[in-house]
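[1] Return a 3D structure for these sequence lines:
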Amino acid sequence: MIVDARGHRCPTPGLKLQKAMREAGPAARLTLLATDPMARIDVPHLMAGLGGAVVSIDEAGGVLTIVVETPGAPTG
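    Residues are numbered from 1 along each chain as shown. Below you'll find the model as predicted:
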């Protein structure tokens, strides 16, 4: 799933990502596109707080591409 937050400033990219994570469900991979450089800092903190993981962060042409995974399904 691609979350396009280009042109938005903090906290909008994180909020859009959180909404998409709820819709995607457990153990899903999402890609956030953001032009706000703070997303490079905010998203890893967000994922740590939510129990997810940052898979990669790349930047090209002023656009950050941040791939994350939502927390896995509960076991038991």
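[2] How about the contacts made by Ile57?
    40, 43-44, 64-67 (CB atoms under 8 Å, 6 or more residues apart in numbering). For every residue, glycine as well, the C-beta is placed using N, CA and C.
[3] Could you measure from it over to Val3?
    14 Å (CB to CB, to the nearest Å).
[4] ditto for Leu32
    Distance, Leu32 to Val3, using CB to CB: 5 Å.
[5] Wasn't Arg22 part of a helix?
    Yes. Assigned with DSSP: H, G, I helix; E, B strand; the rest coil, Arg22 falls within a helix.
[6] residues near Glu59, how many?
    13 (other CB atoms under 10 Å).
[7] What strands flank the helix or strand containing it, and is each parallel or antiparallel?
    When elements are assigned from DSSP states H and E, Glu59 belongs to strand 53-60. Sheet pairing here is set by DSSP bridges, and for strand 53-60 it gives strand 63-69 (antiparallel).
[8] next one: the partner strand to chain centre, how far?
    Here the centre of mass of C-alpha atoms in strand 63-69, compared against the chain's by CA atoms, centre = their mean, to the nearest Å, lies 6 Å away.
[9] Now do it: everything it contacts.
    Applying CB under 8 Å, 6+ apart, the set of residues contacting strand 63-69 is 6, 17, 21, 27-37, 39-40, 43, 47, 52-59.
[10] Which among those count as buried?
    By the neighbour-count criterion of 16 or more other CB atoms under 10 Å, the contacts of strand 63-69 include these buried positions: 17, 21, 28, 30-36, 39, 43, 47, 52, 54.
[11] Return the member of those residues nearest to Cys10.
    When these are compared for distance to Cys10, the smallest value, 5.5 Å, is given by Asp36; criterion: CB to CB.
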